[in-house]
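Trainee: A structural model of the following input is requested.
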Amino acid sequence: MGLRIAIFTDSYLPYNSGVVHSIEVLHREVSLMGHQVFIFAPRYPNYIDNEENVFRFISVPPPTNPDYYLAIPFSRHLKATLKEIQPDVIHVHHPFGLGWLGLSAARQLGIPLVYTFHTLYEYYSHYLPIPRRMARLLIRKICANFSNRCNVIIAPTTATAEYMRQLGVTKPLQVIPTGIKTEEFMTGETGWLRRRYDIKPREKILLCVGRLGPEKNIAFLLECFAEIVNDFPETRLVLVGKGPQEKELKRLAQQLTVQDKVTFTGLLTRAEVYKCYLDADIFVFASISETQGLVIPEAKFAGLPVVAVRANGVSEMVQDGVDGFLTDLSKEIFSEKIKLLLQNEKLREEMGRNALQNANKFSARNYALNILKVYSLFYTIFLYCCFNNLLLHT
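Mentor: Predicted structure coming up:
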């Protein structure tokens, strides 16, 4: 008999993010294995779900990100809904908002609570209207407090698990990297990116996919690119995504006189993002705020060598010198590694082949199977405890 899984998340469709991708992959894969998934998420204006068993909460957009909606974590129908669906396990994806609502529901129902730690929230402290140091200390305390109220925490990388231990998390930790939907790369259309943005066939494309926010370190990329273009003028930087720094980054590109060599695509659909991977030559990534950096295995599935800053979870996504390069936060070294790949086609192709081969460990099915092992283990423990309690009272 399949499990009944209730997922509480503050990020879900139509919003596009690594968290949303993770939930989509998990939902699809465990459903194919015969389990039932129920999703509790924010409501978005004019968006209609194409899938069943999605329960939406009234929500509002925050001032710093109007494309994202925050759920108001209250519903007078929730108790009746949970009684009707009778979940076996609750899986939460945030230590606030609907995460706390999921925690409360798990306690009321007496069932296991699983929490996936997707985000190094302290790197987003600049969005809070309080001093940075105070914000970081508060965020760390919130994350540790929430985690220690859960039965088990899933971390996408070993580095993330170690970080959580340093925060003071004492509950069981399981390291399970998020899986990737690979079929998009197998059926993807090449040439789309070059046609849409009028990129010449002879230009080499450096691709970065991510939110245009301070935590993604895009300014570092632009400054490195300005140096690269001096030696390799037929190179283009494509930045896929949008965010609060977009205008500022465009101004920086002008100041560096590379505006004609940098393409800002804005927000693209998932299908369009996959097409971007298929047209690129090298994937570049400078973020230091990632628990995993899901875009890196995506790029590897497209056969792209990766040049990334060695930081947090990203350090486990690239085999340095095999399928790409990991560097310190140094513009000189980062630029040198990109130049090496631009001038050495044989090395670039070899690393691209290695990237594709190494990406197989991030399959969606393996990801779902590992998550199900966690669900099953803690659900079994839950049943055992219930059985013991029954014996004690008979």
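Trainee: and residue 325, that one's in a strand?
Mentor: Yes. The assignment for residue 325 is a strand, going by DSSP: H, G, I helix; E, B strand; the rest coil.
Trainee: beta partners of it?
Mentor: residue 307 (DSSP bridges).
Trainee: contacting residues for it?
Mentor: Residue 325 makes contacts with 305, 306, 307, 308, 318, 337, 340, 341, as judged by CB atoms under 8 Å, 6 or more residues apart in numbering. Heads up, the C-betas are built off the backbone N, CA and C, glycines and all.
Trainee: quick one: the first one from residue 320, how far?
Mentor: The spacing between residue 305 and residue 320, counted by CB to CB, to the nearest Å, is 11 Å.
Trainee: For these two, indicate the residue with more neighbours.
Mentor: Neighbours of residue 305 and residue 320, each counted by other CB atoms under 10 Å, are more numerous for residue 305; the result is 27 against 14.
Trainee: and the closest residue to the more buried one other than its chain neighbours, what helix or strand is that in?
Mentor: Leaving aside its chain neighbours, residue 305 sits nearest to residue 351 (3.6 Å; criterion: CB to CB, 6 or more residues apart in numbering). Assigned by DSSP states H and E, residue 351 belongs to helix 345-358.
Trainee: mind listing the helices for the stretch 101-250 of the chain?
Mentor: Along the stretch 101-250 of the chain, the segments classed as helices by DSSP state H, counting those that start in this stretch run 132-147, 158-167, 183-186, 192-196, 218-231, 246-255.
Trainee: about what we covered before: mean confidence score for the helix holding residue 351?
Mentor: For helix 345-358, mean pLDDT rounds to 96.
Trainee: Just give me how far that helix sits from the chain centre.
Mentor: 24 Å (CA atoms, centre = their mean, to the nearest Å).
Trainee: Mind exporting the C-alpha coordinates of stretch 340-357 to PDB?
Mentor: Provided in PDB are the C-alpha atoms of stretch 340-357 (Å, rounded to 0.1, in the frame of the first residue of the first chain):
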ATOM      1  CA  LEU A 340      41.600  28.000 -20.600                       C
ATOM      2  CA  LEU A 341      38.400  26.300 -21.700                       C
ATOM      3  CA  LEU A 342      37.700  29.000 -24.400                       C
ATOM      4  CA  GLN A 343      41.100  28.500 -26.000                       C
ATOM      5  CA  ASN A 344      41.300  24.700 -25.600                       C
ATOM      6  CA  GLU A 345      38.400  23.100 -27.500                       C
ATOM      7  CA  LYS A 346      39.600  19.600 -26.900                       C
ATOM      8  CA  LEU A 347      39.700  20.200 -23.100                       C
ATOM      9  CA  ARG A 348      36.300  21.800 -23.200                       C
ATOM     10  CA  GLU A 349      34.700  18.900 -25.100                       C
ATOM     11  CA  GLU A 350      36.400  16.300 -22.800                       C
ATOM     12  CA  MET A 351      35.100  18.000 -19.700                       C
ATOM     13  CA  GLY A 352      31.700  18.300 -21.300                       C
ATOM     14  CA  ARG A 353      31.600  14.500 -21.900                       C
ATOM     15  CA  ASN A 354      32.700  13.900 -18.300                       C
ATOM     16  CA  ALA A 355      30.000  16.400 -17.000                       C
ATOM     17  CA  LEU A 356      27.300  14.400 -18.800                       C
ATOM     18  CA  GLN A 357      28.500  11.100 -17.500                       C
END
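Trainee: Show me where this structure dips below the pLDDT cut-off.
Mentor: Scanning the chain for pLDDT under 70 picks out the ranges 1, 184-188, 382-394.
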